[in-house]
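# Sequence and predicted model, in that order:
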Amino acid sequence: MNGGGQPASKQSMRRHNLALVLRQVAASESASRATVAARVGLTKATVSSLVEELRLAGLVVEHVPENQGRVGRPGGALALNPQGAAGVGVEVNVDYTAVCVADLTGAPRVRLTERADNRGRDAEETLHAAGRLAARAIAAARRAGLAPVQVTLGVPGLVHDDKVLHAPNLDWRHVPAAELLGRGLGRQRPAVAVDNEANLAAIGEFQERPAGAGASFLYVSGEIGIGAGLMVDGTLFRGGGFAGELGHVTVIPDGPECGCGARGCLERYAGQDALLEAAELDTASATRLGSVPAAPAAGTRAGGARRQALRDAPAETHAPVDRLAALAADGDEAAVRALAVAGRALGVALSGAVNLLDPPEVVIGGIYATLAPWLVPSLQVQLHERVTSGRWRSDRLQVSGLGTEAAVRGAAGAGVQAILRDPSAYIDLTSPEA
């Protein structure tokens with residue numbers, strides 16, 4: 001039968017128009033139905049029908065003012081519903097697992113973190129534990145009136161088709177990550193997608209940029225490994241699928257051997273473990289989590305006693321990166337030197353990236369946001385000396401306001417963006433007939 005083509009065409013048109021209207025609501029400040037119709041080029045009647053479908057599905061709310069004596073129905077202000085659909089982000093990194101649930105406006109509503117040394121754990125065990133942590137967050141979100149519909153997992157490694165092909169710092173190869181995380185989520189679990197954590201961090205940074213900020217930048221994620229994500233006009237550039245492995249760019253060809261098998265990689269000079277080793281701090285239980293040590297008063301130097309106390313404090317008292325920052329702030333020679341060397345190595349690698357790609361901005365995040373006061377000076381020196389694609393300006397280097405939250409926030413936001421791209425899939429999934 002050839003009559004089957006017409007209903008499919010109508011369904012495709014509905015899907016397209018629902019997404020068009022919902023994205024316009026998301027981009028607008030309290031627009032009315034008439035305003036949305038004018039902006040998307042559809043009739044008022046069509047937009048009203050689509051808005052009603054989105055409203056009944058809990059994706060938008062309409063704030064209708066009092067009539068105040070005027071004839072006709074007053075135009076209501078449309079907005080995304082913060083009490084409806086939600087995205088779930090999970091980040092499994094070398095030294096922690098984090099979960100964030102974000103509502104449709106992108107606001108984080110539930111946040112859970114578990115500190116763990118995942119290097120010594122089996123991938124299945126690690127992902128089952130991450131799934132259980134995510135299940136707790138999903139349950140809390142549902143109690144708050146949210147409806148999580150997609151889980152996005154971020155991992156520090158190469159990802160293809162929701163599988164981790166290689167994550168050197170976790171010692172994972174060919175891990176079916178979506179499947180294993182899903183088992184930990186239990187019954188009635190949302191769909192699971194998997195991506196590289198630096199890609200998600202770049203997305204998270206973009207989502208949190210203030211109005212008027214540029215939509216193209218190179219984001220650098222500093223953790224135990226080092227990744228990068230390139231945003232071009234608001235879209236993540238993926239290359240052939242594995243772009244962004246900045247940590248394995250060679251900075252000294254005959255340098256120390258890296259976990260990837262090569263020598264002289266950036267990670268061996270500016271990764272978290274390398275920084276802590278160079279600063280003569282313990283890396284055996286190095287996680288970036290923990291309480292932040294009190295900063296010294298402005299204009300004061302605490303002296304050797306305080307620095308020794310910071311070095312001797314047990315790992316569970318202060319996160320090692322926070323301890324490193326506190327030591328650098330106190331003028332500890334080893335800490336300051338380690339950060340200067342890391343900044344120089346980072347500058348060498350980034351100058352090559354800037355010469356090749358010429359991004360308008362470079363944003364450093366992850367642990368680098370905490371350590372920026374001591375990394376940036378030597379980093380800027382290298383960029384000024386080596387960038388030839390155009391005269392380097394210091395204001396092209398920015399520090400992420402999200403810090404170590406960027407990846408998990410981007411992962412949660414990825415679920416939200418999936419709903420905004422295709423609301424009909426959410427509506428069909430949650431309808432009583434589904």
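Nice, I can see it.
# What's the first helix or strand after the helix or strand of the chain with the lowest mean pLDDT?
Least confident helix or strand of the chain, by mean pLDDT, DSSP states H and E, is helix 304-312 with a mean of 54. Next helix or strand after helix 304-312 toward the C-terminus (DSSP states H and E): helix 320-329.
# Now do the buried residues in that following helix.
Going by neighbour count (16 or more other Cβ atoms under 10 Å), the buried part of helix 320-329 is 320-329. In this view, the C-beta of every residue, glycine as well, is placed from N, C-alpha and C.
# mind listing what's buried in stretch 237-255?
Of all the residues in stretch 237-255, those buried under the rule 16+ other Cβ under 10 Å are 237, 243-251, 255.
# Of these, which is the nearest to Tyr219?
Gly244 (8.9 Å; Cβ to Cβ).
# Work out the gap between the helix or strand harbouring Val341 and the centre of the chain.
Using DSSP H and E, Val341 falls within helix 333-357. Distance, stretch centre to chain centre, for helix 333-357: 23 Å (Cα atoms, centre = their mean, to the nearest Å).
# Who are the packing partners of that helix?
strand 217-222, helix 267-270, helix 272-278, helix 320-329, strand 362-366, helix 367-386 (3 or more Cβ pairs under 8 Å, 6 or more residues apart in numbering; DSSP states H and E).
# Now it: average pLDDT?
Helix 333-357 shows a mean pLDDT of 95.
# Ok, stretch 400-414 next?
The average pLDDT within stretch 400-414 is 93.
# Quote the end-to-end distance of that stretch.
Terminal residues of stretch 400-414 are spaced 19 Å apart (Cα to Cα, to the nearest Å).
# Tell me which residues of that stretch come out buried.
Going by neighbour count (16+ other Cβ under 10 Å), the buried part of stretch 400-414 is 400, 402-414.
# Okay, and which of these map to strands?
Secondary structure from DSSP state E places none of these in strands.
# quick one: which helix or strand includes the closest residue to Asn17 other than its chain neighbours?
Nearest residue to Asn17, sequence neighbours excluded (Cβ to Cβ, 6 or more residues apart in numbering): Leu50, at 5.7 Å. Following DSSP H and E, one finds Leu50 within helix 44-56.
# which stretches of this structure form helices?
5-27, 33-40, 44-56, 123-143, 177-185, 197-207, 267-270, 272-278, 304-312, 320-329, 333-357, 367-386, 406-421, 423-430 (DSSP state H).
# hey, least reliable of those by pLDDT?
Ranked by mean pLDDT, the helices of the chain bottom out at helix 304-312, with a mean of 54.
# pLDDT wise, what is the closest residue in space to Val88 that isn't next to it in sequence at?
Residue nearest to Val88 in three dimensions, not counting chain neighbours: Val151, with 4.4 Å by Cβ to Cβ, 6+ apart. In this model, Val151 is scored at 94, pLDDT.
# is it true that Val151 touches Ala135?
No - between Val151 and Ala135 there is no contact under Cβ atoms under 8 Å: 9.8 Å.
# Pick out whichever of these two has more residues nearby.
Val151 (31 against 19; other Cβ atoms under 10 Å).
# contacting residues around that one?
88-90, 134, 181, 185, 189-193, 415 (Cβ atoms under 8 Å, 6 or more residues apart in numbering).
# Taking these, please make a PyMOL selection of just the buried ones.
Selection of buried members from the contacts of Val151 for PyMOL, criterion 16+ other Cβ under 10 Å:
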select buried, resi 88+89+90+134+181+185+189+190+192+193+415
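# Spell out which two among the contacts of Val151 are the most distant pair, please.
Greatest spacing in the contacts of Val151, by Cβ to Cβ: Gly89 and Arg189 (14.9 Å).
# Number of residues surrounding the residue lying closest to Gly184 once chain neighbours are set aside?
Using Cβ to Cβ, 6+ apart and skipping residues adjacent in sequence, the residue nearest Gly184 is Gly131, 1.8 Å away. When counting by other Cβ under 10 Å, one arrives at 24 neighbours for Gly131.
# Gly131 touches Gly182, doesn't it?
Yes - taking contacts as Cβ under 8 Å, Gly131 lies within contact range of Gly182: 6.7 Å.
# Beta-bridge partners for Ala228, please?
Using DSSP bridges, the beta-bridge partners of Ala228 come out as Val220.
# So for it, what's the pLDDT?
Looking at Ala228, its pLDDT is 94.
# And Cys100, by the same measure?
So, for Cys100, pLDDT stands at 97.
# Now do the contacts for it.
Going by Cβ under 8 Å, 6+ apart, Cys100 touches 88-89, 108, 110-111, 137, 405, 408-409, 411-412.
# any chance of these in a markdown table, with distance to His16 too?
Below are the contacts of Cys100 laid out as a markdown table (distance: Cβ to Cβ, whole Å):
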| residue | distance to His16 |
| --- | --- |
| Val88 | 26 |
| Gly89 | 27 |
| Pro108 | 30 |
| Val110 | 32 |
| Arg111 | 35 |
| Ala137 | 33 |
| Glu405 | 34 |
| Val408 | 31 |
| Arg409 | 29 |
| Ala411 | 27 |
| Ala412 | 26 |
